[in-house]
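Chemist: Sequence and predicted structure, then a few things I'm wondering about:
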Amino acid sequence: MANIKTFVDDVDLPASDLNNYLMKQAVIACTSTTRPASPVPGMHITETDTGFDRKWSGSAWVHVDDGWTTYTPLWQAAIGTPTTGTDGSLTGTYKLENGGLRYLISHSFGTAANGLSGAEETLNYTLPSPFVADSGLPKQCGGNATLSTPGYADWPGQVMHYAGTGTVAVFFPTSISDTRLSNWRSCDSTAALGSGRPVNPGNFSVTDNGNCYVSGFVKL
């Protein structure tokens, strides 16, 4: 199929021209289960059930890159609900690119922030709905995090995505020794800092308004 055609007056318009030059080069509204059966390279669709914009690469429907969109992440625990505290904030932004999701999360812990306590408390941030990590990849380590406290003390960390989920888990090294962060533990409440395990924000309490900044990319 040619990319374009110059139409002239007084010439019949066959169905093949309507299909090839008009329908197949328009942005088609469909669902994720009713995509065009015979797409051509460059065809664009918008899925009304997922909100995704996609194009046919010649072999697959891939996400169309778009601009940044804001969203409100949730700070979650396996059991219970952690609290950001007075004057705290939790914001996020994301964009689709190259078949995946790039995101930024900014979390400011207010006064009396509380990440709960207990052996099963693993704390995570949610990705924007309805995006979930590729279920074919057991784990994706595709992000960075910074834990910051007043006084310009910063610790680098990493982000883990788990297959088929819409959450990310943030881990920091076990070498954190600042007393203001002495309540950071791993998901096992008996594993204190320096135990040799990564530190997940379980059993969390910061009294001087710290911050956690998270950025990452997850394959969808």
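Modeler: Cool, got the structure.
Chemist: C-alpha from now on. contacts and neighbour counts both.
Modeler: Will do.
Chemist: So for the chain, which residue is the most central one in space?
Modeler: What sits nearest the mean C-alpha location of the chain, by CA atoms, centre = their mean, is Leu127, with 4.1 Å.
Chemist: contacting residues for that one?
Modeler: Contacts of Leu127 were listed using CA atoms under 8 Å, 6 or more residues apart in numbering, and they are 73, 103, 166-168.
Chemist: List only buried entries from the residues you listed.
Modeler: Using 16 or more other CA atoms under 10 Å as the burial test, the contacts of Leu127 include 73, 103, 166-168 as buried.
Chemist: mind giving me the domain split of the chain?
Modeler: 15-63, 69-219 (automatic domain parsing).
Chemist: for those, which one ends up most surrounded?
Modeler: domain 69-219 (a mean of 18; mean count of other CA atoms under 10 Å).
Chemist: picking that back up, any idea which of the domains of the chain scores lowest on pLDDT?
Modeler: Among the domains of the chain, domain 69-219 has the lowest mean pLDDT, at a mean of 70.
Chemist: what's the first-to-last distance across it?
Modeler: Length of domain 69-219, first residue to last, CA to CA, to the nearest Å: 18 Å.
Chemist: can you check stretch 31-45 too?
Modeler: Terminal-residue distance, stretch 31-45 (CA to CA): 9 Å.
Chemist: And the helices in this structure?
Modeler: 15-17 (DSSP state H).
Chemist: which residues of it fall in strands?
Modeler: With DSSP state E as the criterion, the chain has strands at 27-30, 44-47, 53-56, 61-63, 69-71, 75-77, 89-97, 100-108, 123-126, 139-149, 153-162, 167-171, 211-219.
Chemist: Mind checking these for the one nearest to Thr83?
Modeler: Across these, Thr83 has its closest neighbour in strand 75-77 (7.9 Å, CA to CA).
Chemist: so what strands line up beside the closest one?
Modeler: Its sheet considered, strand 75-77 pairs with strand 123-126 (antiparallel) by DSSP bridges.
Chemist: Using CSV, write out the CA atom coordinates for the partner strand.
Modeler: Output of strand 123-126 as CSV, limited to C-alpha atoms (Å, rounded to 0.1, in the frame of the first residue of the first chain):
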residue,chain,number,x,y,z
LEU,A,123,6.0,-0.8,52.1
ASN,A,124,5.5,0.0,48.4
TYR,A,125,4.4,2.8,46.1
THR,A,126,1.7,2.2,43.5
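Chemist: How far away from the center of its chain is it?
Modeler: 11 Å (CA atoms, centre = their mean, to the nearest Å).
Chemist: Please apply the same query to stretch 82-90.
Modeler: Stretch 82-90 sits 21 Å away from the centroid of its parent chain (CA atoms, centre = their mean).
Chemist: same check, this time on stretch 83-97
Modeler: Worked out by CA atoms, centre = their mean, stretch 83-97 lies 12 Å from the chain centre.
Chemist: Excluding its own residues, what touches it? List them.
Modeler: By CA under 8 Å, 6+ apart, stretch 83-97 touches 63-75, 101-115, 128, 209.
Chemist: Which one of the buried ones among the contacts of Leu127 is nearest to Asp10?
Modeler: Out of the buried ones among the contacts of Leu127, the member with the shortest distance to Asp10 (by CA to CA) is Tyr103, at 53.2 Å.
Chemist: you'd agree that closest one is up against Gly216?
Modeler: Yes. Tyr103 is within contact range of Gly216, at 5.6 Å (criterion: CA atoms under 8 Å).
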